[in-house]
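Participant: A predicted structure for the sequence below; I have some questions about it.
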Amino acid sequence: MGVLMITDKPICVTGASGFIASYVICELLDNGYTVRGTVRGLTEGNNYEYLTSLPGAAEQLELMQAELLTEGSYDEAIAGCE
């Protein structure tokens, strides 16, 4: 029996690099959802290989930079998400 998809829109997970968020992302990807995760920085020094190497991540995971203290920085990340 297949998984009942609640939405076909991306699901935004804030703080994607965190311990709990990474498990949420893993479960969402395992169930076929497209995920848009926010992280503080996408610079060369930040390594999110543990997220980008998850099964399905290459096709279904997009990481975007957002900073809680910067007004409007989440606007693009949550646009079009469920």
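Facilitator: Cool, the structure landed.

Participant: Tell me which residue is most central in this structure.
Facilitator: Central residue of the chain (C-alpha atoms, centre = their mean): residue 37, 2.3 Å from the mean position.

Participant: That one touches residue 63, doesn't it?
Facilitator: Yes - using C-beta atoms under 8 Å, residue 37 is in contact with residue 63, at 5.1 Å. C-beta: built from backbone N, CA, C; applies to glycine.

Participant: Which residues are in contact with each of these two?
Facilitator: 16, 51 (C-beta atoms under 8 Å, 6 or more residues apart in numbering).

Participant: Model confidence at the residue nearest to the centre of the chain, what's the number?
Facilitator: Note on residue 37: pLDDT of 96.

Participant: can you give me phi and psi for it?
Facilitator: Main-chain dihedrals, residue 37, degrees, to the nearest 10: phi -110, psi 140.

Participant: How about it: which residues does it bridge to?
Facilitator: Counting by DSSP bridges, residue 37 forms beta bridges with residue 13, residue 63.

Participant: per-residue confidence at residue 15?
Facilitator: With respect to pLDDT, residue 15 scores 93.

Participant: With residue 41 instead?
Facilitator: pLDDT for residue 41: 80.

Participant: Equivalent analysis for residue 75, please.
Facilitator: For residue 75, the model assigns a pLDDT of 95.

Participant: Number the chain from 46, please
Facilitator: Understood, numbering begins at 46; the last thing we discussed is residue 120.
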